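> just the structure for this:
(one chain, ligands or ions: 1)
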Amino acid sequence: MSIATSEQTVVDGVNKQLYIGGEWRDASGGDTLAVEDPSTEEALCEVADATPEDAVAALDAASEVQNEWKEHPPRERGEILRRAFERIVERTDELALLMTLEMGKPLAESKAEIAYAAEFFRWFSEEAVRIEGTYSVAATGSGRVLTMKQPVGPCILITPWNFPMAMGTRKIGPAVAAGCTMVIKPAKQTPLCMLALAQILEESGLPGGVLNVVTSSSSGSVMEPLIRDPRARKLSFTGSTEVGRKLIEQSAQEILRVSMELGGNAPFLIFDDADLNAAVEGALLAKMRNVGEACTAANRFHVADEVAGEFAEKLASRMDEMKVGRGTEEGVQVGPLIDGDQRGKVSELVEDALGKGAKALVGAEKMEGAGYFYRPTVLNDVSQDANLLKEEIFGPVAPVASFGSEEEAIAAANDTEYGLVAYVFTRDLKRALRVCEGLETGMVGLNQGIVSNASAPFGGIKHSGFGREGGAAGIEEYLETKYVAINL
Ligand code: NAP
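Next up, the predicted model:
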């Protein structure tokens, strides 16, 4: 099957080379890697497949302009981001189509991600001119304490495929605003969005060398030399806990500043006093956004005994109505999973739960034909030992389990090594605050199924990582505090 002309045009519009030192160039080994459309399993195009030498050249470029870039006036750094924000918004339709083609999510969701991604540039364009130090009287009264903020230095940024543009702008925005240069590596499944973003930043006046993009099929061998290079000063990674752990080890050698946005296993708690219809709406958003392929996806629903059955039925009926198909088609709400491995993993988790006594209210099967489609699934009466209550599902599967008391609900929610986000539905204010305080997560959605917001500090605790992206905290990750002791 050949792709439509409009689709070919957006794919053709992206430069497929490496972006290093303000120039577009082929990989030094001459290799390319194929980008696939997960809804057809067909190749869309080829992009440059970087070697470790290319990655080192990218860090050379970033290091070379670091001193110059940190002197660049903050207002101008902000205005580059502002112009890029405006260009992204103007080009929403074409960027959304590009995202849907390489990642699979429905066009409406791609548009929502483009808006979210652009917002990080707008937010950090405003932060660039608000980087402040302090001046205070030392406790003894005799000296003065001056603090100043300075850019960390060249950064290594690594992003996943599930939000191919927003995970980029969430790192590039604060780095540019703070005066850091960077080498960024997108996931091999979704390089096109990052390449399109680099083109937009170039057009918006970002000087060559500040941002360098390396696409590669061998992320480990290409990135490790950079992480171990003393010129790099920071690593910001979004991806799985397994890879994050490996990268933390590698970063230990040069004592890099590290930010880790890792996996999640979000509990979604519904108390018997909750507005059940609002909880179903929240559940659909928290579960089905991005086909369930989100670190913030509700991974398990813990529902009060009194309302668990009714909630599961209502959710199942809504999920059953969702239209599954290629994300470019009218009315499609559920796209394919990213690849065959991911679909295989989802399928295994569902089989394991069914084998341990869960009942499938809807779904629980792969779809026939091309593309990595899996039917929206609701499983009821899921037993505590089912693997999908412990592992990140990353697919359109909602397991429902029930609880008796508030203490039991909090204990079940916290019974995981992850700690990214939790969702709580209750109309009792005191209970809401008690539960929010008791949850071991970096974020809580209270009576809402989404927490992502450029003006808020996004991040996790426990095995979900450390560091915050977005909000006022986001830029701090790219700044060092220098203290000057003054003797008056
Ligand atoms: P992944 O396998 O960990 O990959 C993430 C990125 O790391 C990709 O660019 C990947 O490149 C690269 N990578 C893999 N192995 C590497 C290595 N040895 N050295 C350097 N880079 C390496 O995760 P994923 O499957 O793409 O993404 C899904 C995960 O991301 C989920 O666990 C999800 O929860 C998490 N996530 C977290 C957040 C958050 O903010 N907390 C947000 C979104 C996603 P290649 O793919 O090209 O190998």
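
> drop to CA atoms for contacts and neighbour counts, all remaining ones
OK.

> around the ligand, pick out the residues from the protein.
Residues of the chain lying near the ligand by CA under 6 Å from any ligand atom: 158-161, 185-188, 217, 219-220, 223, 238-240, 243, 261-264, 294-295.

> and those residues, which of them are in helices?
219, 220, 223, 243 (DSSP state H).

> what number of residues lie near the second one?
By that I understand residue 220. By other CA atoms under 10 Å, 13 other residues sit near residue 220.

> try the first one
Residue 219 is surrounded by 18 other residues when neighbours are defined as other CA under 10 Å.

> and it, how far is that from residue 157?
Distance, residue 219 to residue 157, using CA to CA, to the nearest Å: 12 Å.

> mind listing the helices for the stretch 1-150 of the chain?
With DSSP state H, counting those that start in this stretch, the ranges of helices along the stretch 1-150 of the chain come out as 5-12, 52-71, 74-90, 92-103, 107-127.

> which residues of this structure score low on pLDDT?
Scanning the chain for pLDDT under 70 picks out 1-2.

> ok, 90 please
Across the chain, the ranges flagged by pLDDT under 90 are 1-5, 488.

> now the two most distant members of the ones in helices among the residues of the chain next to the ligand.
The span of those, defined through CA to CA, is set by 223 and 243 at 12.0 Å.

> the two - which one has more neighbours?
Higher neighbour count among residue 223 and residue 243: residue 223, with 24 against 13, using other CA under 10 Å.

> may I ask which helix or strand encompasses residue 342?
For residue 342, the enclosing helix or strand under DSSP states H and E is helix 340-355.

> tell me the contacts of the most centrally placed residue in the chain?
In the chain, the centroid-proximal residue (CA atoms, centre = their mean) is residue 167; its distance is 4.5 Å. By CA atoms under 8 Å, 6 or more residues apart in numbering, residue 167 lies in contact with 117, 159, 160, 238.

> in strands, which of these fall?
Taking DSSP state E, the ones among the contacts of residue 167 that sit in strands are residue 238.

> residue 109 is in contact with residue 290, isn't it?
Yes - using CA atoms under 8 Å as the test, residue 109 is close enough to residue 290 to be in contact (7.0 Å).

> give me the buried positions along stretch 214-232.
For stretch 214-232, a neighbour-count test (16 or more other CA atoms under 10 Å) marks 214-217, 219, 222-223, 226-229, 231-232 as buried.

> what values do phi and psi take at the spatially closest residue to residue 413 that is not a sequence neighbour?
Excluding its sequence neighbours, the residue lying closest to residue 413 (CA to CA, 6 or more residues apart in numbering) is residue 267, at 5.4 Å. Main-chain torsions, residue 267, degrees, to the nearest 10: phi -80, psi 150.

> in this structure residue 188 contacts residue 216, no?
Yes - contact criterion CA under 8 Å: residue 188 and residue 216 qualify, at 6.1 Å.

> any common contacting residues for these two?
Common neighbours of residue 188 and residue 216 (criterion: CA under 8 Å, 6+ apart): residue 33.

> ChimeraX command to pick out the buried ones of the contacts of residue 167?
To isolate the buried ones among those in ChimeraX, judged by 16+ other CA under 10 Å, type:
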select :117,159,160,238
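
> related to what we said a few turns ago, count the neighbours of the residue nearest to residue 413 for me.
Residues within reach of residue 267, counting by other CA under 10 Å, total 30.

> turn the helices of the stretch 1-150 of the chain into TSV, including distance to residue 209.
Below are the helices of the stretch 1-150 of the chain laid out as TSV (distance: least, CA to CA, whole Å):
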stretch	distance to residue 209
helix 5-12	24
helix 52-71	5
helix 74-90	14
helix 92-103	24
helix 107-127	19
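
> who wins for proximity to residue 388 among those helices?
For residue 388, the closest of the helices of the stretch 1-150 of the chain is helix 92-103, at 23.6 Å, according to CA to CA.

> now do the helices for the stretch 351-488 of the chain: every range, in order, please.
Listed in chain order, the helices of the stretch 351-488 of the chain (DSSP H, counting those that start in this stretch) span 406-414, 429-438, 471-476.

> contacts for the first one next, please.
In this case it means helix 406-414. For helix 406-414, using CA under 8 Å, 6+ apart, the contacting residues are 266, 267, 268, 269, 302, 403, 422, 435, 438, 439, 440.

> tell me the SS of the fourth one?
In other words, residue 269. Of the three states, residue 269 takes strand according to DSSP: H, G, I helix; E, B strand; the rest coil.

> got the contact list for it?
Going by CA under 8 Å, 6+ apart, residue 269 touches 301, 302, 303, 409, 413, 422, 423, 424, 425.

> please repeat the previous calculation with a cut-off of 7 Å.
301, 302, 303, 423, 424, 425 (CA atoms under 7 Å, 6 or more residues apart in numbering).

> again with the fifth one
Applying CA under 7 Å, 6+ apart to residue 302 gives the contacts 267, 268, 269, 270, 400, 401, 402, 403, 409.

> is it true that it lies in a helix?
No - counting by three-state DSSP, residue 302 falls outside a helix, being strand.

> okay, the helices of the stretch 351-488 of the chain, which one's buried deepest?
helix 471-476 (a mean of 21; mean count of other CA atoms under 10 Å).

> packing partners for that one?
helix 166-178 (3 or more CA pairs under 7 Å, 6 or more residues apart in numbering; DSSP states H and E).

> any idea which element the nearest residue in space to residue 276 that is not next to it in sequence lies in?
Leaving aside its sequence neighbours, residue 276 sits nearest to residue 311 (CA to CA, 6+ apart; 6.9 Å). Taking DSSP H and E as the definition, residue 311 sits inside helix 305-321.

> list the buried residues for that helix?
Of the residues in helix 305-321, those buried (16+ other CA under 10 Å) are 305, 307, 308, 309, 311, 312, 315, 316, 319, 320.

> tell me which of those is nearest to the ligand?
Distance to the ligand across the buried residues of helix 305-321 (CA to the nearest ligand atom) is lowest for residue 319, with 22.1 Å.

> what about that closest one, distance to residue 287?
Distance from residue 319 to residue 287, by CA to CA: 10 Å.

> three-state assignment of the closest residue to residue 183 other than its chain neighbours?
Using CA to CA, 6+ apart and skipping residues adjacent in sequence, the residue nearest residue 183 is residue 212, 4.7 Å away. Secondary structure, three-state DSSP: residue 212 is strand.

> i'd like the first residue to be 50 from this point on
That works, and once the first residue is 50, the last one we named lands at residue 261.
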